[in-house]
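[1] when you get a sec, could you give me coordinates for this:
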Amino acid sequence: MSESRGSYVWDMCRLGTRTISRRPWRALLTFLTIMLAIGCVVSTVAVLQGATAQVTDDIRGFGVHCVNIYSPQITNPIAMMSGQRANPEVKPLTLADSRALVQGISGARSAPVRFQLARIVGPRSTRLGPAIATTPEFRGTFDSQLLAGRFLEPSDIEQQRPVCALDVALAVDLMTSTESTSSAETEVREMIGQEIELRLNGEVRRFEVVGIFEDPISLRDQLNAFDNDSARLPLARLLSFKNVYLPLTWMMQNGESTPLQAIYLDLSGTRDLDLAARAVRPLLEKRGHEELVIVLRRDWIDSVVSGIRTMSSLGNITWIVTLMIALIMTATISLVAIRERLPEVALRRVEGALRRDILLQFVTESVIVSGAAGAAGIGLGVLATRVLLATVLPWEPLITLGSFVLAALLSVAVGVLATVLPAYRATRLDPIHFLRNL
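    Residues are numbered from 1 along each chain as shown. This next block holds a predicted model:
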């Protein structure tokens, strides 16, 4: 039984191949239509997956293992940046709370933070931006890499050294008029060891630049190069990181009792991140804090990543539309080809061929052509992604085995769906009546 089935399938394949060779131009037209559609599928999916993976990595670089604890005054941006308390009746965060968290949660590291809006005077320009006073532990709450130099060290805090680190976007603003951080990288590196002037609380202080952070959004410069819209570019630059980082002691005017705007808690050293995060609020409530904003950064990052993946899924509409167009074109070609072969179908029916046999013959021919077109389309898609990467794409397209399987299945599906209905209608014709009317 199995041998007869195998022989039947083999006969169908031989008959399908012979039929295709007798009508090469129609087969070629179908082949090219499906090949181009599948190439579009492979390249589009690779580009979308690569962009999603790159942005997801950037977002996760903000630190999935951290908890942000904000004082109630964080809800008032003006009060926060000016260093004033929005509600004097609410107990503020202090250094003592930061130490209590480290003592109460095994493996946790705490970075107390104070923000203040400062006028920053550099070698070539002046900017208004956030000055963040913190400790060396702050570095562990973000995965940003240093472009040059170093970050704050414990000795900077103990000796109250006038040193600072800058985000690369701020360094570019202070050193050059160009908008691209990558093109100004050489000039930015030269800023290490130079001094900038900060105006804090009406006082002017000079700080030596000891380090420069890379932009955590690695695609920012490349994406800006694609967007020349005068309305969107200022917003993109506004959302860039342009902070100056100082030793905490430079903003502790009242010593240990100086209010903190936030505490960043690094929980990467704990055994159970969720358990450690749940212990934060009870510890602080015991110390009299009831109106704090506590955010597990991982939850925020997961929601952002989910939104990014949703937007990426919407991009799949591009290749879906292309595939639908290819299906319509292939169905049109199949309809015309099968109509031309109706006399052949009628003769085979008169000779005793079953409707199933005729239908399977058409489907077999379609599978052969569409399968070959799918394989060629996969190769075309891979080639297209390499060309895009070498010319315009700022990120690495992500080509996976799953995208190959999807492309192969879609190519065969398009061929079969475009053939089944016209072939089925052809098998339902009355062969005697059809031949009599020829």
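[2] for the protein, what's the longest strand?
    If you go by DSSP state E, the chain has its longest strand at strand 109-121.
[3] so for that strand, what gets flagged as buried?
    Counting neighbours by 16 or more other CB atoms under 10 Å, one finds that the buried residues in strand 109-121 are 109-118, 120-121. In this view, the C-beta of every residue, glycine as well, is placed from N, C-alpha and C.
[4] quick check: the farthest pair among those?
    Spatially, the most separated pair among the buried residues of strand 109-121 is R109 and V121, at 33.2 Å (CB to CB).
[5] pull the residues that contact stretch 49-66.
    141-144, 216-219, 264-268, 273, 297-298, 301, 304-305, 308-309, 312, 393, 395-398, 400, 403 (CB atoms under 8 Å, 6 or more residues apart in numbering).
[6] can you rerun that using 7 Å?
    141-144, 216-219, 264-268, 273, 297-298, 301, 304-305, 308-309, 312, 395-398, 400 (CB atoms under 7 Å, 6 or more residues apart in numbering).
[7] wait, D156 touches A165, no?
    No: when contacts are counted by CB atoms under 7 Å, D156 is not listed as touching A165 (10.0 Å).
[8] so the two - more neighbours on which side?
    Neighbour comparison, D156 and A165: the larger count goes to A165, with 26 against 23 (by other CB atoms under 10 Å).
[9] take the contacts of stretch 49-66 and keep only those in helices.
    The helices, defined by DSSP state H, take in 273, 297-298, 301, 304-305, 308-309, 312 from these.
[10] how about a markdown table for those residues, with pLDDT and neighbour count added?
    Output for these, formatted as a markdown table (pLDDT from 0 to 100; neighbours: other CB atoms under 10 Å):
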| residue | pLDDT | neighbour count |
| --- | --- | --- |
| L273 | 86 | 16 |
| R297 | 85 | 21 |
| R298 | 85 | 19 |
| I301 | 81 | 18 |
| V304 | 79 | 15 |
| V305 | 81 | 17 |
| I308 | 79 | 17 |
| R309 | 82 | 13 |
| S312 | 80 | 18 |
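[11] can you give me the helices for the stretch 51-200 of the chain?
    Assigned by DSSP state H, counting those that start in this stretch, the helices in the stretch 51-200 of the chain fall at 77-82, 95-104, 154-158, 168-175, 185-189.
[12] tell me which of those sits nearest to L335.
    The nearest among the helices of the stretch 51-200 of the chain, by CB to CB, is helix 168-175 at 58.6 Å.
[13] what's in contact with the closest one?
    120, 122-125, 127, 129, 147, 178, 181, 184, 187-188, 191, 196, 212-215, 240-244.
[14] quick check, distance from that helix to the centre of its chain.
    From the chain centre to the centre of helix 168-175 is a distance of 26 Å (CA atoms, centre = their mean, to the nearest Å).
[15] just stretch 203-217 next, same as before
    Computed by CA atoms, centre = their mean, the chain-centroid distance of stretch 203-217 equals 28 Å.
[16] again, but for stretch 99-116
    Relative to its chain's centre, stretch 99-116 lies at 31 Å (CA atoms, centre = their mean).
[17] what about it, how long is it end to end?
    End-to-end distance for stretch 99-116: 22 Å, by CA to CA, to the nearest Å.
[18] pLDDT of that stretch, averaged?
    Mean pLDDT, stretch 99-116: 90.
[19] do stretch 210-230 as well
    65.
[20] repeat that for stretch 359-366.
    Stretch 359-366 carries an average pLDDT of 86.
[21] and the strands in the stretch 251-400 of the chain?
    Remark: strands assigned in the stretch 251-400 of the chain by DSSP state E, counting those that start in this stretch are 262-266, 293-296.
[22] ok, now the stretch 101-250 of the chain?
    109-121, 126-134, 146-149, 163-167, 195-200, 203-213, 244-247.
[23] deepest of those strands, which one?
    Highest mean neighbour count of those: strand 163-167, a mean of 27 (counted as mean count of other CB atoms under 10 Å).
[24] by contact count, what packs against that strand?
    If contacts are counted by 3 or more CB pairs under 7 Å, 6 or more residues apart in numbering; DSSP states H and E, strand 163-167 sits against strand 203-213, strand 244-247.
[25] pull the helix or strand with minimum mean pLDDT from the chain.
    Scoring the helices and strands of the chain by mean pLDDT, DSSP states H and E places helix 232-238 at the bottom, with a mean of 42.
[26] quick one, helices of the stretch 251-400 of the chain?
    Remark: helices assigned in the stretch 251-400 of the chain by DSSP H, counting those that start in this stretch are 273-278, 280-286, 297-314, 317-340, 342-350, 355-391.
[27] just put those helices in JSON lines and tack on distance to T33.
    Shown next, in JSON lines, are these (distance: least, CB to CB, whole Å):
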{"stretch": "helix 273-278", "distance to T33": "52"}
{"stretch": "helix 280-286", "distance to T33": "59"}
{"stretch": "helix 297-314", "distance to T33": "25"}
{"stretch": "helix 317-340", "distance to T33": "5"}
{"stretch": "helix 342-350", "distance to T33": "23"}
{"stretch": "helix 355-391", "distance to T33": "8"}
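[28] ranking these by burial, who's on top?
    Greatest average neighbour count among the helices of the stretch 251-400 of the chain goes to helix 355-391 (a mean of 19), per mean count of other CB under 10 Å.
[29] what's the angle from it to helix 342-350?
    Angle, helix 355-391 to helix 342-350, by axes from the mean of the first three to the mean of the last three CA atoms, to 10 degrees: 140 degrees.
[30] so after helix 355-391, what's the next helix or strand?
    helix 401-427 (DSSP states H and E).
[31] what residues of that next one count as buried?
    For helix 401-427, by 16+ other CB under 10 Å, it's 403-404, 406-408, 410-412, 414-415, 418-420, 422-423, 426-427.
[32] what is the rounded mean pLDDT of it?
    Mean per-residue pLDDT for helix 401-427: 90.
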